[in-house]
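pasted the sequence and its predicted model underneath.
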Amino acid sequence: MATVAQLRQQFRAGKQALIDGFLAARPSQAGAQTLLRRLARHVDDTLRALWAEAGMPSGCCLAAVGGYGRGELFPHSDVDVLVLLPDGDGADVHGPVKAAIEGFITSCWDVGLEIGSSVRTLDECLSESQADVTVQTALLEARPLAGEAGLFRELSRRFMRAMDAKAFFRAKTLEALQRHTKFDDTPYALEPNCKESPGGLRDLQMLIWIARAAGLGKTWKELSARGLITAFESRQLQRNEGQLRLIRARLHAVAGRREDRLVFDLQTAVAHSFGFQPTGAQRASEVLMRRYYWAAKAVTQLHQILLLNLEEQINGSQQDLLHPLDGHPEFLDRGRMLEVATDDLYQRDPHAILRTFLVYQQTPGIKGLSARTLRALYNARGLMDAAWRRDPVNRATFIAMLRQPEGQTHAFRLMNQTSVLGRYLWVFRAIVGQMQHDLFHIYTVDAHTLN
């Protein structure tokens, strides 16, 4: 049996070799995914050895929870574990069992594992998960590592039986709103947190958590098979998730610590680790940040689509709340959300893209865009080319939006979230300039009349 000192040397050397190999290899999404899985397996092996060395009683179980429970571990992420005890052993842990648990946790730190541990009985796990959505989320992706496998299976069975998918959905969406507010509700922060900011990895993890809690699937492919997303959206989610994983893994490796923010001091170093070089037009860090923003923007849009579809699956369809919209036959009111009447509306009539936001602005009570509309806009990105931006009908629609008595802020924010504003913004100054000319003309005519 290896000593703690030997395990420490093996663990640290093995981890560093994995990180060094990752940094030396060509940056790729597959390489990042391989690193995360190998780091998790490396920690698995170390924990199992420490568990055996601690002499834990046969009735106990060691489980990986949280992000580590997914079988993925970023270079400097915490290692979250649960020591699961049989019912009746919680408050009365003493003697050899207590000593074994304390020795195991101490040895984890001695080896160099940045461990977050909890010690609970089966009943305590269930009661804590009902009271705290953070505990509930951590247990949702738990997997057994060592000890009594039957105890873990019983926990999993009772945990899923007690799961209230509707309550979990409400809690996670509220949590996401609070998190987005904390990070200024934009994926375009100058120093974004690639895990927690809007459009970051947490938004993707949240969708999978909700789907798992409702028994709707555990992967993007499974969600696609159930019709919650299209095959194209599934591929887009997988690709952009891979890009964010790669950036975060490189960030950890370059920083040499747990750092999820792309702070200015690290952006250039991370960019160079990708092989990006400065050109006359832009710095290496700008190339990196453009890639990050592209991925985060796509995640933001796809997150909205899938979250609305999950809500409908969990809380029930709003088909009975579907009504025609007076004066706008191409749109419907779906439970106070604006919905396109047909999926191919924008393909048949690209002018309807901007008209969507004018109708949203003009219709009292409409709260946002439905999943069907968001999907149609996402699939219409290719239509918003230079000819579309120069189109006088679109210019007139945009001017009409500016001239509305209210609602510009909400409409433009929605346009920004769906990437429409960015594709049209370059003509904004020309439009405003024309409006200024018109206003000046109106003012001078009125002044002349008054005189």
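Noted; the coordinates are in hand. Residues are numbered from 1 along each chain as shown.

distance of the closest residue to residue 266 other than its chain neighbours from residue 335?
If you skip the residues right next to it in sequence, residue 266 has residue 255 as its closest partner in space, 5.8 Å away by Cβ to Cβ, 6 or more residues apart in numbering. Placement of C-beta: from N, CA and C, glycine included. Per Cβ to Cβ, to the nearest Å, residue 255 is found 45 Å from residue 335.

who has more neighbours out of these two?
With other Cβ atoms under 10 Å as the criterion, residue 255 and residue 335 differ in neighbour count, and residue 255 comes out ahead with 18 against 15.

would you report the backbone torsion angles of the more buried one?
Its backbone dihedrals place residue 255 at phi -70, psi -30, with angles given as degrees, to the nearest 10.

roughly how far apart are it and residue 262?
For residue 255, the distance to residue 262 (Cβ to Cβ) stands at 10 Å.

hang on, isn't residue 51 packed against residue 144?
No - contact status for residue 51 versus residue 144: not in contact, 11.3 Å apart, counting by Cβ atoms under 8 Å.

now for the helix or strand hosting residue 241, which elements pack on it?
When secondary structure is defined using DSSP states H and E, the element that contains residue 241 is helix 231-255. Contact here means 3 or more Cβ pairs under 8 Å, 6 or more residues apart in numbering; DSSP states H and E; on that basis helix 231-255 packs against helix 4-24, helix 29-54, helix 201-213, helix 220-225, helix 264-273, helix 284-315, helix 371-379.

so can I have a markdown table of the ones you listed showing mean neighbour count?
Shown next, in a markdown table, are these (neighbours: other Cβ atoms under 10 Å):
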| stretch | mean neighbour count |
| --- | --- |
| helix 4-24 | 15 |
| helix 29-54 | 19 |
| helix 201-213 | 22 |
| helix 220-225 | 18 |
| helix 264-273 | 17 |
| helix 284-315 | 20 |
| helix 371-379 | 22 |
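
can I get these in CSV with mean pLDDT and distance to residue 394?
Output for these, formatted as CSV (pLDDT from 0 to 100; distance: least, Cβ to Cβ, whole Å):
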stretch, mean pLDDT, distance to residue 394
helix 4-24, 94, 47
helix 29-54, 96, 36
helix 201-213, 97, 31
helix 220-225, 96, 33
helix 264-273, 96, 36
helix 284-315, 94, 21
helix 371-379, 93, 14
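
dump those helices to JSON lines, plus distance to residue 74.
Rendered in JSON lines, the data for those read as follows (distance: least, Cβ to Cβ, whole Å):
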{"stretch": "helix 4-24", "distance to residue 74": "10"}
{"stretch": "helix 29-54", "distance to residue 74": "6"}
{"stretch": "helix 201-213", "distance to residue 74": "10"}
{"stretch": "helix 220-225", "distance to residue 74": "20"}
{"stretch": "helix 264-273", "distance to residue 74": "14"}
{"stretch": "helix 284-315", "distance to residue 74": "16"}
{"stretch": "helix 371-379", "distance to residue 74": "29"}
